[in-house]
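Enquirer: Mind folding the following:
(one chain, ligands or ions: 2)
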Amino acid sequence: MPQPAALDTLPIIDIAPFLNSDLGNAHNRSATAAALHSACIGYGFFYLDLRAFVDPAEPEELTRLAREFFALSQEDKDKISLKNQDHARGYARLKENVTNGKADNHEGIDFYKPVEHPDKTKPVWGENQWPTIPLFREKYEEWIEKMKKLGLIVMEAMSFGLGMTREEWQQLRSQVDDSFWVMRIIGYPPLPNDHDGYSCGAHRDYGCLTFLYADPTPSALQVFVKRPGVPNEDTSGLPAEQGLEEGIWINADPIPGCVVCNIGEMWETWTDGLYRSTLHRVVHRGSNYRVSIPFFFEPNFDALVEPLETISRMKEKGVAIPGASRKSVVYGDFLVGKVGNNFAAEGKGRY
Ligand SMILES: O=C(O)CCC(=O)C(=O)O
Ligand SMILES: [Fe+2]
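Expert: Ligands and ions are numbered 1, 2, ... in the order given. Sure, this is the predicted structure:
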C-alpha cells in the first residue's frame, strides 16, 4: 500500500563518525555508511547532521549577509551582474534563471572555484564577483573551505557504503580532490499566484553532492519521491520525460543543525544507475523573503566520470543494477554543455 504523504520524511544521517579517524568507532562508521547507501537508493536526498562539524551561528550569519546584499538597489546588485563576466559567475536578477522553459522567481549570486588564467570569453572560466559588504567574502570563503572538506568526508563515507576497497576510494578521491565547486546564494520573494512557473522549477542537480543550508522557512523545498501506484497529481512543470512518473512531492523543511544533501547526476554514472539524482523544486508561497545557500561539491574539472569497479562486483553478486542511465563523461565537458548555453540563450538556464 502506498504511504500517506505525511509519513514521508527524509532520513537524518549523522556524519560525526567520519570526522575523526578514531578506530574505536568502526561500528558507528558502518552504520553511517549503510544509512547513506540506503538513502541514496531510496531517496537520493537526506539530511546530514552537522552539529559536530559546524556552529549553527555560521550559516545563519551567511544568510544575514545574503539578505544585506539582496536588500540593495537593483542598480547596486547589477554591479556584479554575471553579464560582466562569463555569464555564470555573478548576480542573476529575479526571473533571469529559466527552468523547463519558465522563469524562476528567484535572484541569486553564483561563485565557482577560481581558475588560473581566467578568461571571461570562455564558459565558467571568468572571475568571481564579490559584493563589497564587509566580511561577506571572508565569511563565505570560510564556509566554502568547510563544505569542500565535508564533500570529501561524505564521499569517503559513501565509498564504504558502496563496498569500495581503499585503493578504489583513493582513485575516486583523485577525481574530486580539486572540486570544481559552486557556491550559490539564492533569494526568493514570495511566489505570486499568477506567476507562470515556480520559485525554482523541478530539476536534478547535475554534479556530485549538494549541501543546502536554508533559512527556517517551511514548505518551500519539495522533493519528488517515486511511489509506484500513486499517480502524480501534479505533473505541471515537470521535465517532459518525467510527466508520467508515479510519485509524490514531499517537503524537505530545514532541521536545525542539519543541511539537506542530495546527489547529482554524476552519481548515476558512477553507480550505473543504482543511485539516481532526484527531482526537486522550490514553491515558496509564504509571505517572507526566503534565503538559501546551496554549496555544490562537484568533481574536478578534468575528472573522467565512469562506472565504478564496485558496481561490477555487485552485479556479479546478483545485485540488480538498473543500467547506464548516462554515459561516461569528463565532468568539465558536461558542465560546459549545461551552462555554456547561457552565452547564447536569452534567459539563463542552469538545468
Ligand atoms: O533553494 C532551495 O531550497 C533549492 C535550490 C536548488 O535546488 C538549486 O539551486 O539547485
Ligand atoms: Fe537543486
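
Enquirer: mind exporting the worst-scoring helix or strand of the chain on mean pLDDT as PDB, just the C-alpha atoms?
Expert: Using mean pLDDT, DSSP states H and E, strand 221-231 stands out as the lowest-scoring helix or strand of the chain, at a mean of 84. Taking C-alpha atoms only, strand 221-231 is exported to PDB below (Å, rounded to 0.1, in the frame of the first residue of the first chain):
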ATOM      1  CA  LEU A 221      11.800  23.000  -1.000                       C
ATOM      2  CA  GLN A 222       9.900  19.900  -2.300                       C
ATOM      3  CA  VAL A 223      11.400  16.600  -3.300                       C
ATOM      4  CA  PHE A 224       9.800  14.100  -5.700                       C
ATOM      5  CA  VAL A 225       9.700  10.700  -4.200                       C
ATOM      6  CA  LYS A 226       8.700   7.800  -6.500                       C
ATOM      7  CA  ARG A 227       5.700   5.800  -5.400                       C
ATOM      8  CA  PRO A 228       4.700   3.200  -7.900                       C
ATOM      9  CA  GLY A 229       0.900   3.000  -7.900                       C
ATOM     10  CA  VAL A 230       0.400   6.700  -6.800                       C
ATOM     11  CA  PRO A 231      -0.300   8.700  -9.900                       C
END
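
Enquirer: so what secondary structure elements neighbour that strand?
Expert: strand 246-251, strand 280-282 (3 or more CB pairs under 8 Å, 6 or more residues apart in numbering; DSSP states H and E). In short, each C-beta sits where N, CA and C put it, glycine included.

Enquirer: relative to strand 246-251, how tilted is that strand?
Expert: For strand 221-231 against strand 246-251, the angle by axes from the mean of the first three to the mean of the last three CA atoms, to 10 degrees is 150 degrees.

Enquirer: Tell me which residues are up against strand 221-231.
Expert: Residues from elsewhere that reach strand 221-231 (CB atoms under 8 Å, 6 or more residues apart in numbering): 2-3, 8, 10, 43, 45, 202, 212, 214, 232, 238, 242, 245-253, 260, 262, 278-283, 292.

Enquirer: Recalculate using a threshold of 7 Å.
Expert: With contacts defined as CB atoms under 7 Å, 6 or more residues apart in numbering, strand 221-231 is touched by 2, 8, 10, 43, 45, 202, 214, 245-252, 260, 278-283.

Enquirer: picking up where we left off before, tell me which of the helices and strands packed on strand 221-231 sits nearest to Lys317.
Expert: Between Lys317 and these, the shortest separation by CB to CB is 28.8 Å, and it involves strand 246-251.

Enquirer: Please enumerate the helices of the stretch 151-300 of the chain.
Expert: Listed from the start of the chain, the stretch 151-300 of the chain has helices (DSSP state H, counting those that start in this stretch) covering 166-173, 266-270.

Enquirer: Please save the CA atoms from the shortest one in CSV.
Expert: So that's helix 266-270. Written as CSV, here are the backbone C-alpha positions of helix 266-270 (Å, rounded to 0.1, in the frame of the first residue of the first chain):
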residue,chain,number,x,y,z
MET,A,266,27.5,12.2,-11.8
TRP,A,267,26.5,9.6,-9.2
GLU,A,268,24.2,8.0,-11.8
THR,A,269,27.2,7.3,-14.0
TRP,A,270,29.5,6.2,-11.1
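
Enquirer: weakest of the helices and strands packed on strand 221-231 by average pLDDT?
Expert: Taking the average pLDDT of each of the helices and strands packed on strand 221-231, the minimum falls on strand 246-251, with a mean of 88.

Enquirer: Any idea how far it is from the middle of the chain?
Expert: Here the centre of strand 246-251 is set off from its chain's centre by 18 Å, with CA atoms, centre = their mean, to the nearest Å.

Enquirer: Show me what whichever strand or helix holds Met147 is packed against.
Expert: Met147 belongs to helix 136-161 when assigned by DSSP states H and E. Using 3 or more CB pairs under 7 Å, 6 or more residues apart in numbering; DSSP states H and E as the contact criterion, the secondary-structure elements in contact with helix 136-161 are helix 26-42, helix 57-70, helix 166-173, strand 209-214, strand 290-297.
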